[in-house]
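Engineer: After the sequence you'll find the predicted model.
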Amino acid sequence: MTQVYFHRSTTKKVFLDHHGAVVNDLAEARDHATRLVQSFVSEHSLEDWRDWVLHVSDDRGDELFVVPFIFVLGKPH
């Protein structure tokens with residue numbers, strides 16, 4: 001098990017995750033990241049999420065992978 005952090009950013013702002021989550025492996029971290037992105041975009045807000053990126057980092061601050069929100073949102077119809 002390892003502690004990972006899910007920071008989100010755009011070209012204009014960054015929001016750091018100070019709590020993180022404990023995951024068993026990268027697959028679980030990926031699934032958690034996808035759920036987080038889905039929860040952000042489902043909020044009732046005027047935010048345009050297409051430029052946002054979720055940065056997944058370990059407890060040493062090393063970036064493990066990124067999840068562009070657009071990958072979860074899909075292509076606009």
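Structural biologist: Alright, I've got the coordinates.
Engineer: When you work out contacts or count neighbours from here on, use the C-alpha atoms and nothing else.
Structural biologist: Fine.
Engineer: Which of the helices or strands spans Gln3?
Structural biologist: If you go by DSSP states H and E, Gln3 is part of strand 2-9.
Engineer: Which residues does that strand contact?
Structural biologist: Residues from elsewhere that reach strand 2-9 (CA atoms under 8 Å, 6 or more residues apart in numbering): 14-25, 29, 33, 52-59.
Engineer: So, low pLDDT: which residues of this protein?
Structural biologist: Counting by pLDDT under 70, the chain shows low-confidence ranges at 44, 74-77.
Engineer: mind saving the C-alpha coords of the strand holding Gln3 as CSV?
Structural biologist: The C-alpha coordinates for strand 2-9 follow below in CSV (Å, rounded to 0.1, in the frame of the first residue of the first chain):
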residue,chain,number,x,y,z
THR,A,2,1.2,3.5,-0.8
GLN,A,3,-0.1,7.0,-0.3
VAL,A,4,-0.8,8.9,-3.5
TYR,A,5,-1.9,12.5,-4.1
PHE,A,6,-4.2,13.8,-6.7
HIS,A,7,-3.4,17.4,-7.6
ARG,A,8,-5.5,19.2,-10.3
SER,A,9,-4.4,22.0,-12.5
